[in-house]
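1. using only what follows, build the 3D model:
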Amino acid sequence: MTDFDALQHAVERSAARRQAETRACEAFLTALYHALRHASGPGLPLNNVTTETVSDPVQSLRPLPLGAWHAAWFRLGLCEVRVRVRRDGADFVGEYGPHGQFQLHLVGEADLLALGRQLMRHLTDLYEAEAQPPRLKN
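-> Sure thing, here's the model as predicted:
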């Protein structure tokens, strides 16, 4: 078997696992979108929340290997934030914005709502800090 044939065989052998992981990560991002729409509380869906799945610009291989990042841009009114997520065993591990990180073992509705609220609080804190006038030192 040539090196090329070995590569093709290796890619084919892991195809089903990679596809399952991709579907799981994309489903997580979709569920996070729905959680963000409802993060203001029951009966108050936010209509100005949108999502756009994108390829992660850091990825340099296709098809994506197991454990690779999957990404989406979320528009939250005037703010857009990129969320990246990947599987780490049974957990979903992710990052958003300049420094936000999360790890979820359970992915129920309450867990996703809590993550959505955390994400919005972190972004609010970031922009609030920018809005504060600089203090002069005496």
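2. quick check: longest strand of this protein.
-> Criterion DSSP state E: the longest strand present in the chain is strand 79-88.
3. tell me which strands that strand pairs with, and in which orientation.
-> Partners of strand 79-88 in the sheet, by DSSP bridges, are strand 70-76 (antiparallel), strand 91-96 (antiparallel).
4. what residues does the shortest one touch?
-> In this case it means strand 91-96. If you take Cβ atoms under 8 Å, 6 or more residues apart in numbering as the criterion, strand 91-96 is touched by 24-25, 28, 81-87, 101-105, 107, 119, 122. (C-beta placed from N, C-alpha, C; glycine too.)
5. buried members of these into ChimeraX, please.
-> Here is the ChimeraX command that selects the buried residues among these (16 or more other Cβ atoms under 10 Å):
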select :24,25,28,81,83,84,85,86,87,102,104,107,119,122
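6. point out where the protein drops to low pLDDT.
-> 42-45, 136-138 (pLDDT under 70).
7. show me where it has helices.
-> Applying DSSP state H to the chain gives helices spanning 3-13, 15-37, 109-131.
8. tell me what the second one is packed against?
-> What it means is helix 15-37. strand 49-54, strand 70-76, strand 79-88, strand 91-96, helix 109-131 (3 or more Cβ pairs under 8 Å, 6 or more residues apart in numbering; DSSP states H and E).
9. could you rerun that using 10 Å?
-> Secondary-structure packing of helix 15-37 (3 or more Cβ pairs under 10 Å, 6 or more residues apart in numbering; DSSP states H and E): strand 49-54, strand 70-76, strand 79-88, strand 91-96, strand 100-104, helix 109-131.
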